[in-house]
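1. A structural model of the following input is requested.
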Amino acid sequence: MTDGTNPLPGERSVAQLVEDATTQLRTLVHDEIQLVGIELSRKGKRLGVGAGAFGGAGLIAAYAGLALMAGVILLLATVWAVWVAALVVGGAGLLVAGGLALAGRSQVKRAVPPIPTEAMAGVQEDIKVVKEGVHR
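-> Prediction:
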């Protein structure tokens, strides 16, 4: 038997158990916050790649509309009327730009919504485990 001041080995006071639980909970919350940061960073990178693809689509559409298309128009003008050649080449340039825009949209969709869903699922699981432990 103990007098309450010196617990036997393996026995811990309520205060010590509460202190351990508080420390573990603090560590758990800290780890979950780090997970949120990692997940948001990953989604932010995907969003950046998608935005870059959209920017690339615009840049290519502009250059294609100025330099390469002019050369193809001149080439086709030897067979067709100049205005027909210009319409054909302009339409082809728009198709290429549309393909790049679709690729960019795909990347943006993968990154949105920028909610840390994996971290939220982990926090919900942690809350469930803590609640089950409290009810025991």
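2. Residues touching stretch 19-35, excluding its own?
-> By Cβ atoms under 8 Å, 6 or more residues apart in numbering, the residues outside stretch 19-35 that reach it are 12, 116, 118-119, 122-123, 126, 130. Heads up, the C-betas are built off the backbone N, CA and C, glycines and all.
3. and the lowest-mean-pLDDT helix or strand in the chain, what other elements does it pack with?
-> Least confident helix or strand, the chain: helix 117-135 with a mean of 75, by mean pLDDT, DSSP states H and E. Contact analysis of helix 117-135 by 3 or more Cβ pairs under 8 Å, 6 or more residues apart in numbering; DSSP states H and E lists helix 14-63 as its packing neighbours.
4. what's the distance between the one residue sitting closest to the centre of the chain and Lys109?
-> Within the chain, one residue has its C-alpha closest to the average C-alpha position: by Cα atoms, centre = their mean, that is Lys43, at 1.3 Å. Per Cβ to Cβ, to the nearest Å, Lys43 is found 11 Å from Lys109.
5. What of His30?
-> Using Cβ to Cβ, His30 is found at 32 Å from Lys109.
6. Also Ala81?
-> In terms of Cβ to Cβ, Ala81 sits 42 Å off from Lys109.
7. do the same with Thr117
-> For Thr117, the distance to Lys109 - Cβ to Cβ - is 14 Å.
8. How about Ala119?
-> 20 Å.
9. again with Thr27
-> Computed as Cβ to Cβ, the Thr27 to Lys109 distance reads 35 Å.
10. Ala57 now?
-> Distance, Ala57 to Lys109, using Cβ to Cβ: 15 Å.
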